[in-house]
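1. sequence unknown, structure follows:
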């Protein structure tokens, strides 16, 4: 089978390779991959800029769904022919307190598909049964594969943040996660919702306009000027930092109101290089948000099935795996929001 392999830490060390079909254990299934999303983390690995561990060489891809074509002897709840999607932790120590309390998403020793364990940018992938969720009838695999980024955004916006109807919410970074955060903020009753990007984000901001009342590209001063006109003028009740740079945390601190919240979901390995005294002075709640767990997946799949989540505006390119470079380049340039590959 063909698989898209990140074979070294140097930039551009990604290529299609002929690989053996994975063998499975008694608690695994072999999944024929029907769709796999391209994540910003895949782009970081392509450009040699990940800020997480990578087990080279590794098949990329952690947002995926497919059909079970083989099941291990001890698999109990799924069978050949089932349409499923998979969570991201390919390996977990099930004896830890994180696993026992359902918070395995923050287990520091978890190993994920696409960076530590071979992922799904290939025809087949081995998946533990514990990762699986059934895809509801009527949900296309192209959309089901995006359950994972929806869960990331849902966790950041609806679980690790508090939004009340009428709250002022600002979101930094109109990438896929930022736009999905805007969608969930709107659904939770936030109004206004301010999306803050750069001049290069014009095409993605055009999509974000479906969920945001204001879309800005003029830099920090424009954002601060606008926020002063909202509500009582003291700032945003919630700022979600979905940008991939550390400097945006300083802007988040400037925009949030005293006593407000900042939720950081975007990765930024650069040093912050700024004082955190305003965090203290304004008594701000700063919350990190990472990944997801079982109930979030079930909730998102149910919302996809009922049409509460419409991924049509966000999914802008569906391409064969052989066309991976076009998909990567389109997302990196900001000309599209999200791409899905079909192995």
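-> Perfect, thanks for sending it. Here the structure is a predicted model, which means the values were calculated and not measured.
2. per-domain residue ranges of the chain.
-> 2-150+292-342, 161-288 (automatic domain parsing).
3. look at the shortest one and report the distance between its end residues.
-> So the one you mean is domain 161-288. Length of domain 161-288, first residue to last, CA to CA, to the nearest Å: 10 Å.
4. can you pull the contacts of the residue sitting nearest the centre point of the chain?
-> Central residue of the chain (CA atoms, centre = their mean): residue 149, 3.2 Å from the mean position. When contacts are counted by CB atoms under 8 Å, 6 or more residues apart in numbering, residue 149 is found next to 37, 39, 63, 176-177, 180, 338. Every residue, glycine included, has its C-beta placed from N, CA and C.
5. ok, and the most crowded of the residues you listed?
-> residue 63 (32 neighbours; other CB atoms under 10 Å).
6. what's the closest non-adjacent residue to that one?
-> With CB to CB, 6 or more residues apart in numbering as the criterion, residue 63 has its nearest non-adjacent residue at 3.3 Å, and that residue is residue 37.
7. who's the one you found bridged to?
-> residue 63, residue 340 (DSSP bridges).
8. against residue 327, how distant is it?
-> Per CB to CB, to the nearest Å, residue 37 is found 10 Å from residue 327.
9. residues that sit against both of these two, list them.
-> 339, 341.
10. let me see the ranges of the helices in the stretch 151-300 of the chain.
-> Counting by DSSP state H, counting those that start in this stretch, the stretch 151-300 of the chain has helices at residues 176-187, 202-208, 220-227, 248-255, 277-281, 294-306.
11. residue 82: which of these is closest?
-> Closest of these to residue 82 is helix 294-306, at 13.4 Å (criterion: CB to CB).
12. mean confidence score for the closest one?
-> Here helix 294-306 scores 98 as its mean pLDDT.
13. next structured bit after it?
-> strand 315-320 (DSSP states H and E).
14. can you pull the buried residues of stretch 182-198?
-> 182-188, 190, 192-198 (16 or more other CB atoms under 10 Å).
15. show the end-to-end separation of it, please.
-> 16 Å.
16. same thing with stretch 329-343?
-> End to end - CA to CA - stretch 329-343 spans 18 Å.
17. buried residues in that stretch?
-> Of the residues in stretch 329-343, those buried (16+ other CB under 10 Å) are 330-331, 334, 336-343.
18. just give me the closest of these to residue 144.
-> Distances from residue 144 to these, taken by CB to CB, are shortest for residue 340, at 10.0 Å.
19. and the closest one, how far from residue 148?
-> 12 Å.
20. joint contacts of these two?
-> residue 37.
21. identify the residue spatially nearest to residue 145, adjacent ones excluded.
-> Here the residue nearest residue 145, using CB to CB, 6+ apart, is residue 35, at 4.0 Å.
22. am I right that the one you found is in a helix?
-> No. Assigned with DSSP: H, G, I helix; E, B strand; the rest coil, residue 35 falls outside any helix and is strand.
23. correct me, but it touches residue 338?
-> No. Using CB atoms under 8 Å, residue 35 makes no contact with residue 338, being 11.6 Å away.
24. among the buried residues of stretch 329-343, which one lies nearest to residue 82?
-> Distances from residue 82 to those, taken by CB to CB, are shortest for residue 343, at 18.1 Å.
25. where's that closest one relative to residue 307, distance?
-> From residue 343 to residue 307 the distance is 27 Å (CB to CB).
26. list the contacts for residue 292?
-> Counting by CB under 8 Å, 6+ apart, residue 292 has contacts 87-88, 105, 148, 151-152, 154-155.
27. how about it, phi and psi?
-> phi -170, psi 170 (degrees, to the nearest 10).
28. how about the nearest residue to it, chain neighbours excluded?
-> Using CB to CB, 6+ apart, the nearest residue to residue 292 is residue 151, at 3.6 Å.
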